[in-house]
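>>> Next comes the sequence, and after it the predicted model I'd like to discuss.
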Amino acid sequence: MLRVIQYNIHRFLGSDGAATLQNITSALKPLSPDILTLNEMDITTSPTAFETLSKSLGLPHVEFYGHVKERYGNAILSRYPLKRIESTPLPGGTELVFPEGTKKLNGDVSKANEKHRIVRGFLVVELEYPGVGNILVGCTHLDHISIQERKIQLEYIQKSFEKNNNINNNNPIILCGDMNALQREDYSKKQWTCLEQRASNNAWNLPQFGDLDILTSNGFVDTNIKNESADATYFTAPTTEKDPLYRIDYVFTKDSDRIALSCIKSKPATAITFSDHFPLVVDLQLEKLKQSAL
């Protein structure tokens, strides 16, 4: 069994600005992840994060891609050896105009009428899983405003994996991330109406769905074990609400002709509330397939 934990850790900062690294590390340790994928990793606010997590969780192999000034982005920590395959900014991304003088998250100060594109990153590694073979593991964090921008990013991710597998012997794939994307079947009519009302109250775009079809139509499988009652305990954000409202953190898998991946368990760890997301815990079974004789 391979345990994957996907977690947007919100820069290891709580809603009050207090550091959460030690609390998160202590909370994740009993879960014993084999792979930990992180979004919103900021080595400026938490310069010791990788050392702390790696040592405490027994994840000695670390890859980090800071797509914003080499300090903020996505990370993959693993119990098993990793080889970096790709690290790149994603195409697309919503463009915003901040008021002049606004200090942006990348540290720059905006000028008059200056446009700022929200840049997202994509990190892919090859993991050496003993006794079975190599697996491609990807970690990303998609645009949070526009479904059209997410489609551009998902198209790139799909084609990137296809290209890498042409080079890397058709490995199975595990794709993790805060996708900021919705699937309509996860929500009851009442829950969806609530999301629409929340978006309207905040002058946001109304919730949309269908962007993740880019993955599923190309052989990726959502590891969520479907809950017929649209139980909110399957949702991953925000932890600041009495009940979480969204399922936006995902782990997708794609089999190869050598290795099949099946989900045994997939559920957020809702007792861990040190970020605005819950960590998503997914247990995968890996099966080495028999090769047909030539």
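Nice, thanks for sending it over.
>>> which ones are touching E128?
Applying C-beta atoms under 8 Å, 6 or more residues apart in numbering to E128 gives the contacts 80-83, 134. (Each C-beta comes from the backbone N, C-alpha and C, glycine too.)
>>> Check the spacing between R11 and T94 real quick.
20 Å (C-beta to C-beta, to the nearest Å).
>>> Of those two, which one has the most company?
R11 (21 against 16; other C-beta atoms under 10 Å).
>>> Let's see the pLDDT reported for the more buried one.
pLDDT, R11: 95.
>>> Now the phi/psi pair for the residue nearest to S46 when sequence neighbours are not counted, please.
Of all residues not flanking S46 in the chain, F12 sits nearest, at 4.2 Å (C-beta to C-beta, 6 or more residues apart in numbering). F12 adopts backbone torsions of phi 60, psi 40, taken as degrees, to the nearest 10.
>>> Quick check: F12 touching P47?
No - F12 is not in contact with P47 according to C-beta atoms under 8 Å; the separation is 10.3 Å.
>>> quick one: which of the two has more around it?
Neighbour totals were compared for F12 and P47, and F12 leads with 26 against 11 (other C-beta under 10 Å).
>>> how close does that one get to V119?
F12 is 21 Å from V119, by C-beta to C-beta.
>>> What of S275?
21 Å.
>>> can you check N39 too?
13 Å.
>>> So these two - more neighbours on which side?
N39 (26 against 16).
>>> Find the helix or strand that that one is a member of.
If you go by DSSP states H and E, N39 is part of strand 35-42.
>>> tell me which residues of the very next helix or strand once past that strand are tucked away?
Stepping forward along the backbone from strand 35-42, the first helix or strand reached (DSSP H and E) is helix 49-57. Using 16 or more other C-beta atoms under 10 Å as the test for burial, helix 49-57 gives 49-50, 53-54, 57.
>>> Against which helices or strands is helix 49-57 packed?
Applying 3 or more C-beta pairs under 8 Å, 6 or more residues apart in numbering; DSSP states H and E, one finds that helix 49-57 contacts helix 21-28, strand 35-42, strand 61-68, strand 72-78.
>>> What average pLDDT does the longest helix along the chain get?
Longest helix in the chain, counting residues (DSSP state H): helix 147-167. Average pLDDT, helix 147-167: 92.
>>> Quick check: the gap between Y156 and G93.
Counting by C-beta to C-beta, the gap from Y156 to G93 is 11 Å.
>>> Next, count neighbours for R150.
R150 has 26 nearby residues by other C-beta under 10 Å.
>>> Give me the residue at the spatial middle of the chain.
The chain has G177 as the residue nearest its centroid, 1.0 Å off, counting by C-alpha atoms, centre = their mean.
>>> which ones are touching the closest residue to that residue other than its chain neighbours?
Using C-beta to C-beta, 6+ apart and skipping residues adjacent in sequence, the residue nearest G177 is T140, 4.1 Å away. By C-beta under 8 Å, 6+ apart, the contact set of T140 is 39, 74, 90, 120-123, 153, 157, 175-177, 179.
>>> quick one: which helix or strand includes T140?
strand 133-141.
>>> Then R3?
Going by DSSP H and E, R3 is in strand 2-8.
>>> Quickly run through the sheet partners of that strand, with directions.
strand 35-42 (parallel), strand 280-288 (antiparallel) (DSSP bridges).
>>> Could you give the average pLDDT over it?
pLDDT averaged over strand 2-8 gives 98.
>>> sorry, back to before: what comes up buried for the longest helix of the chain?
147, 149-158, 160-161, 164-165.
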